Each structure stands twice: as C-alpha cells, then as structure tokens.
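[1] Got a predicted structure plus its sequence, pasted below:
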Amino acid sequence: AQSVAQPEDQVNVAEGNPLTVKCTYSVSGNPYLFWYVQYPNRGLQFLLKYITGDNLVKGSYGFEAEFNKSQTSFHLKKPSALVSDSALYFCAVRGNSGNTPLVFGKGTRLSVIA
Amino acid sequence: KAGVTQTPRYLIKTRGQQVTLSCSPISGHRSVSWYQQTPGQGLQFLFEYFSETQRNKGNFPGRFSGRQFSNSRSEMNVSTLELGDSALYLCASSSSDRYQETQYFGPGTRLLVL
C-alpha cells in the first residue's frame, strides 16, 4: 500500500533562514511525488512535482525539493524563508503501477517568525 | 483560464439529511478527484473519475457517492448525514488520467453537520 509520512507536525523557522519540511514515502513501482501548500480557508496550491530525471526539482515561490530514492525521501526546501511562507504543507505520492490514487501525508504546519 | 470551482462554499445541514456538492473542473480537464479534509484524519481520498467512469474509490461507506457528467463536471452526494461528516470537501481536476498529471484543487466546500 502507498503511504506518506511527514514526521513533523510543526516546523518553526526565523525569517531569512533556510527551511526544510520532511517527507518520506512508500509505493509500489516508481513514485510520482508532489508538494502542495494550503493557506487558511483555501484549497491546496501546487508547488512542485517529481516525475523522473533530475533529483532536484524547482517549483513556485522559490521552493525546491530533492528526491532521494535510496532514502525514499522528498524533502521540501527553501534557501531563505519569508513570513508569508507560513502555511500548511502537504506531501503526496502516487505509484506508477496499480490503480492507486494520490495519497497525502498528514501535513506540516510551517511557521516563519519575523 | 478559470480554476476549479466548487459550490456551495459553505453548507450547514442536520443529521439524517442528505447533501450534494458540485465541482466544475478547469476547462479541458477530464479527470476529477474528491477528498475529505478533517483536522484529525487529514486529507482522505473519496473518488476519482475520468470521462464519466469511476476509476478509484476510497474507503468510505456507501452513503458517499459521486458521478461525473459528459462535460466533466462532477457531483458528490452524502446521504444520511452524520456529525462526523463535518469536513472540508475538496475537488481537484487534472488534464488526463495519467498518474503523473498534476491535480489542481478548488477552494473546497465546508460542510457542517449539526
């Protein structure tokens, strides 16, 4: 069965510092990996995805993520955090074999402090 | 291009009633998925439709049903509402049924069951 783990419920970081939001996954076959962000009372906004190729994926708003197959991880990163980055972040995975849906992690709440 | 729209945005019902939620995908998108979001359970997959066919169904009771129309618009119905059905219901669309396609989310319908 597919699964996603986001081990941290909450991440706090000072504005201007680098941030990392962790994600590990388990799938059958090769993974398709996604990061989404959710602001209060809003739907999910797509940030970036990994399908194949370069392990470092660049996305919206200066975010990037690194795919690590041996560690089955897809951590989200940003070199310099902004207060406006404070939101709920979701990692999601879908395997390329079997008829399985997109599966989301529980989410990590990022708080950037000025 | 207009995004995913969901109606209504807010809904208050009482136990035992039924409710129908509507989702209009991005123009040209033929795949629609539904998710239930609650603070305790996070994002849980409900259904996935492509070209009017249900491709996947999540682990929800039969009170939850859905359908997709020929214009790709989708509805989901919950009968005999329970207090635990209170949640944010999110709809997402993608351009095809390929697993690597990005799902784009609507703002959600917030359902409160009293």
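    That came through fine.
[2] what comes into contact with the helix or strand B:Arg110 falls within?
    Element membership for B:Arg110, per DSSP states H and E: strand B:109-113. By CB atoms under 8 Å, 6 or more residues apart in numbering or on different chains, the residues outside strand B:109-113 that reach it are B:6-15, B:19, B:21, B:78, B:81-89. (C-beta placed from N, C-alpha, C; glycine too.)
[3] repeat that with 6 Å
    If you take CB atoms under 6 Å, 6 or more residues apart in numbering or on different chains as the criterion, strand B:109-113 is touched by B:Gln6, B:Tyr10, B:Leu11, B:Ile12, B:Lys13, B:Leu21, B:Leu81, B:Leu83, B:Asp85, B:Ser86, B:Leu88, B:Tyr89.
[4] beta partners for the first one?
    Same thing as B:Gln6. Listed by DSSP bridges, the beta-bridge partners for B:Gln6 are B:Cys23.
[5] That one reaches B:Phe105, doesn't it?
    No. The criterion here is CB atoms under 6 Å, and B:Gln6 misses it with B:Phe105 at 9.2 Å.
[6] which SS state does the residue nearest the centre of chain B fall under?
    Of all residues in chain B, the one closest to the mean position by CA atoms, centre = their mean is B:Trp34, 3.2 Å from it. Per DSSP: H, G, I helix; E, B strand; the rest coil, the secondary structure class of B:Trp34 is strand.
[7] residue ranges of the strands in chain B, please?
    With DSSP state E as the criterion, chain B has strands at B:5-7, B:10-13, B:19-24, B:31-38, B:42-50, B:53-57, B:64-68, B:74-78, B:87-94, B:104-105, B:109-113.
[8] Can you report phi and psi for the residue lying closest to A:Asn30 once chain neighbours are set aside?
    Nearest non-adjacent residue to A:Asn30, counting by CB to CB, 6 or more residues apart in numbering or on different chains: A:Asn96, 4.7 Å away. Backbone torsions for A:Asn96, taken as degrees, to the nearest 10, come to phi -90, psi 10.
[9] Does A:Asn96 touch A:Pro31 like I think?
    No. Using CB under 6 Å, A:Asn96 is not in contact with A:Pro31, being 7.5 Å away.
[10] Between these two, tell me which one has more neighbours.
    A:Pro31 (24 against 16; other CB atoms under 10 Å in any protein chain shown).
[11] and that one, bridged to which residues?
    Those that pair with A:Pro31 in a beta bridge, by DSSP bridges, are A:Gly95.
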